[in-house]
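Asker: Pasting the sequence and the predicted coordinates here, then a few questions.
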Amino acid sequence: MLKLTIDQPSELIKVAHALSSEIRINILRLLNHHNLNINEIAEMLDIPVSTAAANIKVLENSGLILTELQPASRGAMKVCSRNFDDIHMILNTLVGFNQEYKLYEIEMPIGQYIDCEVVPTCGLASPTGLIVALDQPSEFFHPKRATAQILWFRQGYVEYRFPLGLPNNASVQAIQFSMELCSEAPSYDNHWPSDITLWVNGVEIGTWTSPGDFGDRRGKLNPDWWEVNNTQYGLLKTWRIDDTKSYLDNMTLSGVTLSQLKLQEKPFIDLKIGIKPDAVHKGGLNLFGKEFGDYPQDISMIIQYTT
């Protein structure tokens, strides 16, 4: 979900411009079903390749789609994928995000984990440099971990604790977590699958298989010192749990419901992200904060509730 407010005029203008063209709307419609390269999009819409490329550039600049260079029979081809399922634009920040529901929102810095168990390759970095020695799991408990804006490990998990500051009469309708992440390979490898699992209050919500450890271009937010042969960016993924089931990017993921999380029993919510010991693809993970990768956010928790 892409959420924009009136306080982000430049982002609003980019998205509104991207949606103001019938060609670009048709491109987004095509990407609802498949990832496509520029030639395929041009052929399916019966437009020149140059026209398709120009419109894809507008969509890419707005953040509505992602592009990735992949090997082709001659050189490389740019493959396009949809980035968001929903767009919410808040034009009056005084009345809230949704008239029907209230929202409780917190962003957790990725270095503020309360527990971890990691296996090399592993490391922590801030916007100014590496925080600890590479491939030293014990260093993940260093106090400076709080400044981390990217962390990575091959196996294991990190666990966070979110405060649950809801009114006493709150009735939770849904809870969601979103974060930017990808696999962890030596250097990087765009085709390196990894089964990344999410747990909430000790309950396994479900697993996303990351397709790779992305490094074909620089991450939009990465500091200058971050070398080009390192992991560069991830994908923004959203897990959501309501009273009927759990979802990953609005697609049904599992039958886990809110009642199984027992939110009323504790004044906090535990979130664990990691690679299960019996995972089919033990490809590790990279987790990005608001100053690395492509998305200026930490781990976001949004609780939708009524009173």
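Answerer: Right, received. Where do you want to start? Residues are numbered from 1 along each chain as shown.

Asker: Quick check: residue 60 touching residue 78?
Answerer: No - at 9.2 Å, residue 60 does not count as touching residue 78 under the criterion of C-beta atoms under 8 Å. Any C-beta I mention is one placed from the backbone N, CA and C, and that applies to glycine too.

Asker: dump the residue contacts of residue 195.
Answerer: 207-209, 275-276, 279-283 (C-beta atoms under 8 Å, 6 or more residues apart in numbering).

Asker: nearest spatial neighbour of it, skipping sequence neighbours?
Answerer: residue 279 (4.0 Å; C-beta to C-beta, 6 or more residues apart in numbering).

Asker: what's the answer for residue 101, then?
Answerer: Nearest residue to residue 101, sequence neighbours excluded (C-beta to C-beta, 6+ apart): residue 304, at 4.6 Å.

Asker: likewise residue 191?
Answerer: Residue 191's closest residue in space is residue 212 (C-beta to C-beta, 6+ apart), at 5.2 Å.

Asker: so what's the one you found up against?
Answerer: Residue 212 touches 182-183, 185, 188-193, counting by C-beta under 8 Å, 6+ apart.

Asker: ok, 10 Å please
Answerer: Counting by C-beta atoms under 10 Å, 6 or more residues apart in numbering, residue 212 touches 68, 182-183, 185, 188-194, 231, 234-235, 283.

Asker: which SSE is residue 27 in?
Answerer: Per DSSP states H and E: residue 27 is located in helix 22-31.

Asker: what does residue 60 give?
Answerer: For residue 60, the host element (DSSP H and E) is helix 49-62.

Asker: going on from that helix, what's the next piece of helix or strand?
Answerer: From helix 49-62, the next helix or strand downstream (DSSP H and E) is strand 65-71.

Asker: ok, residues contacting that following strand?
Answerer: With C-beta under 10 Å, 6+ apart, strand 65-71 has contacts from 18, 24, 27-28, 31, 35, 37-38, 56-60, 75-84, 190-191, 211-212, 214, 216-217, 233, 235-236, 294.

Asker: from what I can see residue 290 touches residue 110, true?
Answerer: Yes - proximity of residue 290 to residue 110 meets the contact threshold set by C-beta atoms under 10 Å, at 8.8 Å.

Asker: Just want to know which of those two has more residues nearby.
Answerer: The residue with more neighbours, out of residue 290 and residue 110, is residue 110; 26 against 18, by other C-beta atoms under 10 Å.

Asker: Could you check how far that one is from residue 289?
Answerer: 5 Å (C-beta to C-beta, to the nearest Å).

Asker: Find the residues that touch each one of these two.
Answerer: 148-151, 179-180, 298-299.

Asker: would you list every one of the helices in the protein?
Answerer: Using DSSP state H, the helices assigned to the chain run over residues 9-18, 22-31, 38-45, 49-62, 258-261.

Asker: Among these, which comes closest to residue 118?
Answerer: helix 258-261 (25.3 Å; C-beta to C-beta).

Asker: still on that earlier bit, which residues are common contacts for residue 290 and residue 110?
Answerer: With C-beta under 10 Å, 6+ apart as the test, residue 290 and residue 110 both reach 149, 180, 298-299.

Asker: With that, I have no additional questions.
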